[in-house]
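# quick one, fold the following:
(3 chains)
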Amino acid sequence: MLFHPATFAPQLRCNRRMITVRKLVKRFGPKTVLRGLDFEVESGEFVALLGPNGAGKTTFLRILASLSRPAMGEVQIAGFFLPGQASSVRRRLGVVSHLPLLYGDLTAEENLRFYGRMYAVPDLPPRITEVLEMVGLAARRRDLVRTFSRGMQQRLAIGRAVLHDPDVMLFDEPHTGLDQDASVMLDTVLQEVAARGRTVVMTSHDLARTADLASRFDVLSRGKIVASVQRDDMESTNNLLAFYRQAVEEA
Amino acid sequence: MKRKSQIANFFRALWAVVWKDLSAEWRSRELLTAMLVFALLVILIFNFALELDARARASVTSGVLWVTFAFAGTLGLNRSMATEKDRGCLDGLLLAPVDRSAIYFGKAIGNLVFMFVVEVIVLPIYSVLYNINLFRPGLLLVILLGSIGYVAVGTLLSTMAVQARTRDILLPILLFPLVVPIMIAAVKASGGFLQDLPWIEVSTWINLLIVYDVIFVAVAFMLFDFVVEE
Amino acid sequence: MESKPRFLSILDSITAILFVVAVVMVFFYAPLERTMGAVQKVFYFHVATAWVGMLGFMVAAVVGILYLVKNERKYDIAGLAAIEISLVFFFIAIILGSIWARPVWNTWWTWDPRLTTATIVELIYAAYMMLRQGIEDPDRRARFGAVYAILGFLSVPLTFISIRLLRTIHPVVVGNSDPSGEGSFSMTGPMKTTFFYSLFVFSVIFVDLFWHRVRMGKLAAKVEELRLKVSA
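Numbers count the residues shown, from 1 in each chain, chains lettered A, B, ... in the order given. A predicted model of the protein is given here:
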């Protein structure tokens, strides 16, 4: 298995199955959103989940995040099953959605302190400083999150998600509502997160953004993974668009 | 050993939720200000509506107080849950590896504290306005018991209400018919203490409040999982 | 298309016959009550409809628990069916109670514990319907509905007890509320027979309507499913 250099994982975390999903079915009332989805991620991979709107990307990610229960099928993350061992899975997960999941009336530092306590992070104060520096918000640690721009909130949201040093990170459309500069800054942080050998699954409908980040591209359409390609198997990232279009049309 | 650390985890998470709510409120004071101003307005309106003269006051005070607490309480409950929903924070809480009941009790204790603060401020103001001493141990006991039951049900229902399309209007409609027993018992017990009735006449109501509190704290705690988990 | 089960058609006819017999019994078999006269005959159906109302709410709470445990859609359909039927029957019971109260207590409305509790219960389940209407996601609607049905049913006895205490402990009461006071009477043999027969008939009516409503709910779910299949 080949890895993009930026996401190359340390030996220990390498080549271990991190996420296994088998025959996943999710229904909303009479509507079936996921129809027998199979999905596997090796430790250290950075997978971009692409797909048209309404394909079930967010639903799938919410199931991986243990926020939603599947109707049928098996989900295993880091060796633990969902929903039975949800607590063990949650400890190893970091989730960033298009909402920041932060409290506007608390400062950046207080937000991290709160989540740190919820995750029982040991030695919290130095860890908070470390994370704030990583996401470039050390100077504004004592400012209310309410006063932050959208981009800063999103970076703090990533800080919140990595605070407890999770093995697996899930990103649900993290670029939504960000301008160009904020997106570029976010990408830097995302790359740094991935470079530490973490497993990342990110949904997006923005092909250009994900092309430089991910090591593998999966296309989700009509509730199933219809195609998958390794970044290294493509001659150039320009081929990604062609690959994506073909996959969606065939589905 | 494992059990012990689980219990420690539970209380750490519970305390984290309470601390978070209290420090956010300490910063903005939005919720408490709104609850207080609203409570005072309700009392003022009652003053005109009921012509609260000295004779009428003795018998209607407990009714006015509890209607005020109930109205101000819904305001607080709604707001406290809305902040969880606005930036997706409810998901943030659920992503944490903590027992859901720690989240429920954390939110409920936070709500209870807000309710107590409002009550503690309203009581002396009412006492001064209408020249009636409301600081009696019996009355404080009733307020404690009544608020616990009210908040136990209210926290659960507000969690449901904020997830509905009609979230702004839904909470009082869901909550008020269910807390009728609390309202009756609390009004009668408060009235009893204010009129210095013997304990025997009040104890039935106190017992009813205790029964309600025990049942609904237990049931709300068991049902909370189903309200937040998908 | 699933056709109507044969036993359901038979039950429809049986229910209709039983109901006609009940009406005949109320008017011709049960004797006229001495002091209240003809209006007392309201009593048989008043109690029977109220009984069906409570039965439905109990059913809703039980299937609510079942839904939360098993997470199967049929329990949600059953819960909604039970509450819809009960809302109507409880409403009839309150109206009949009012009709009875008019000549007996000389007022359309009294704050009698049972009547007041019935009204609050009616409001609880009206709130249940509003809760359901406010939620789009069918699974969430079902879960919240089940939770509220359980809470509502638990609060009913406490509400009744508190109102009862309110009316008996307090000496100054407006209107008559003493249950053994004016308006009470002792039942003679034929009255008892008519009374219990009415309870039985209305229980059968409930079962029949419940079956119809659950069947309708299931068909509606199927229609929705097919519609999605066509549009997909």
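# quick one: name the residues of chain B near chain C.
B:153, B:156-157, B:160, B:163-167, B:170, B:173-174, B:177-178, B:180-181, B:184-185, B:188, B:201, B:204-205, B:208, B:211-212, B:215-216, B:219-220, B:223, B:226-227, B:230 (C-beta under 8 Å from any C-beta of the partner chain). Where you see a C-beta, it was placed from the backbone N, CA and C, and this is true even at glycine.
# the helix or strand hosting residue C:220 close to chain A?
For residue C:220, the element it lies in under DSSP states H and E is helix C:189-231. Yes - contact between helix C:189-231 and chain A, assessed by C-beta under 8 Å from any C-beta, occurs at C:221, C:224-225, C:228.
# what about the helices in chain C?
C:6-24, C:42-70, C:73-105, C:113-133, C:138-169, C:189-231 (DSSP state H).
# now mean pLDDT, mean neighbour count and distance to chain B too, for those helices, in CSV please.
Compiled in CSV, the helices of chain C are given as follows (pLDDT from 0 to 100; neighbours: other C-beta atoms under 10 Å in any protein chain shown; distance: least, C-beta to the nearest C-beta, whole Å):
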stretch, mean pLDDT, mean neighbour count, distance to chain B
helix C:6-24, 87, 13, 32
helix C:42-70, 91, 21, 5
helix C:73-105, 89, 20, 13
helix C:113-133, 90, 19, 4
helix C:138-169, 88, 21, 4
helix C:189-231, 87, 16, 19
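# list the contacts of the residue in chain C positioned nearest to chain A.
Chain A sits closest to residue C:138 of chain C, with a gap of 2.8 Å, by C-beta to the nearest C-beta. Listed by C-beta atoms under 8 Å, 6 or more residues apart in numbering or on different chains, the contact set of residue C:138 reads A:28-30.
# hang on, residue B:177 packs against residue C:124?
Yes - the criterion here is C-beta atoms under 8 Å, and residue B:177 meets it with residue C:124 at 4.4 Å.
# contact residues of chain B facing chain A?
Contact residues (C-beta under 8 Å from any C-beta) of chain B with chain A: B:9, B:12-13, B:15-17, B:19-20, B:23-25, B:27-28, B:30, B:83, B:86-89, B:91-98, B:229-230.
# give me the below-cutoff pLDDT ranges for chain B.
When residues are selected by pLDDT under 70, those of chain B lie in B:1-2, B:52, B:54-56, B:58.
# in it, what residue lies closest to chain A?
Counting by C-beta to the nearest C-beta, chain B gets nearest chain A through residue B:88, at 3.1 Å.
# contacts only, for that residue.
A:97, A:99-101 are the contacts of residue B:88 under C-beta under 8 Å, 6+ apart.
# picking up where we left off before, list buried residues within the residues of chain B next to chain C.
B:153, B:156-157, B:160, B:163-164, B:167, B:170, B:173-174, B:177-178, B:180-181, B:184-185, B:188, B:204-205, B:208, B:212, B:215-216, B:219-220, B:223, B:226-227, B:230 (16 or more other C-beta atoms under 10 Å in any protein chain shown).
# return every residue with contacts to both of residue B:177 and residue C:124.
C:152, C:155.
# which helix or which strand is home to residue A:229?
strand A:224-230.
# how far does that strand sit from its chain's centre?
17 Å (C-alpha atoms, centre = their mean, to the nearest Å).
# next: stretch B:151-163.
Computed by C-alpha atoms, centre = their mean, the chain-centroid distance of stretch B:151-163 equals 11 Å.
# one more: stretch A:163-178?
That offset, for stretch A:163-178, works out to 4 Å (C-alpha atoms, centre = their mean).
# now stretch A:94-108
A distance of 15 Å separates the centroid of the chain from that of stretch A:94-108, by C-alpha atoms, centre = their mean.
# still on that earlier bit, in helices only, show me the residues of chain B next to chain A.
Among the residues of chain B next to chain A, the members falling in helices (DSSP H) are B:9, B:12-13, B:15-17, B:19-20, B:23-25, B:27-28, B:30, B:83, B:86, B:89, B:91-95.
# are any of those residues buried, and which?
B:9, B:13, B:16-17, B:19-20, B:23-25, B:27, B:83, B:89, B:91-95.
# ok, the closest residue to chain C within the stretch 101-250 of chain A - how many residues close by?
Nearest to chain C in the stretch 101-250 of chain A, going by C-beta to the nearest C-beta, is residue A:222, at a distance of 8.4 Å. Each residue near residue A:222 was counted by other C-beta atoms under 10 Å in any protein chain shown, and the total is 17.
# that one and residue A:55 touch, don't they?
Yes - using C-beta under 8 Å, residue A:222 is in contact with residue A:55, at 6.7 Å.
# once you drop chain neighbours, what's closest to the residue most central in space within chain C?
The residue lying closest to the centre of chain C (C-alpha atoms, centre = their mean) is residue C:53, at 1.2 Å. Using C-beta to C-beta, 6 or more residues apart in numbering or on different chains and skipping residues adjacent in sequence, the residue nearest residue C:53 is residue C:90, 3.6 Å away.
# same check, this time on residue A:75
Nearest to residue A:75 is residue A:82, by C-beta to C-beta, 6+ apart, at 4.2 Å.
# hang on, that neighbour packs against residue A:76?
Yes - between residue A:82 and residue A:76 a contact is recorded at 7.4 Å, counting by C-beta under 8 Å.
# what about those two, which has more around it?
residue A:82 (22 against 17).
# where does the more buried one fall, phi/psi-wise?
phi -110, psi 140 (degrees, to the nearest 10).
# low-confidence ranges, the stretch 1-150 of chain A, go.
A:1-15.
# run a quick neighbour tally on whichever residue of it sits closest to chain C.
Among all residues of the stretch 1-150 of chain A, residue A:29 sits closest to chain C, at 2.8 Å; criterion: C-beta to the nearest C-beta. Neighbourhood size, residue A:29 [other C-beta under 10 Å]: 18.
# list the contacts of it.
Residue A:29 makes contact with C:73, C:137-139, C:221, C:224 under the criterion C-beta under 8 Å, 6+ apart.
# ok, residue A:244 next?
A:50, A:207, A:217, A:219.
# what sits against the third one?
The reference is to residue A:217. Counting by C-beta under 8 Å, 6+ apart, residue A:217 touches A:47-48, A:50, A:210, A:228-229, A:231, A:240, A:243-244.
# bridging residues for it?
residue A:48, residue A:229 (DSSP bridges).
# quick one: secondary structure of residue A:22?
Secondary structure, DSSP: H, G, I helix; E, B strand; the rest coil: residue A:22 is strand.
# helix or strand for the residue in the stretch 151-251 of chain A that chain B sits nearest to, which one?
When scored by C-beta to the nearest C-beta, the stretch 151-251 of chain A has residue A:160 as its residue closest to chain B, at 7.6 Å. Secondary structure from DSSP H and E places residue A:160 in helix A:150-162.
# now do that helix: everything it contacts.
Contact with helix A:150-162 is made by A:94-97, A:100-102, A:108, A:111-112, A:115, A:131-132, A:134-137, A:140, A:145, A:148, A:169, A:174, A:177-179, A:181-183, A:185-186, A:189-190, A:193, B:92, as judged by C-beta under 8 Å, 6+ apart.
# OK, contacts around the residue nearest to the centre of chain C?
Residue C:53 touches C:86-87, C:89-90, C:93, C:118, C:121, counting by C-beta under 8 Å, 6+ apart.
# for the residue nearest to the spatial centre of chain B, which residues are in contact?
Ranked by distance to the mean C-alpha position of chain B (C-alpha atoms, centre = their mean), the top residue is residue B:151 at 3.7 Å. Residue B:151 makes contacts with B:73, B:77, B:108, B:111-112, B:115, as judged by C-beta under 8 Å, 6+ apart.
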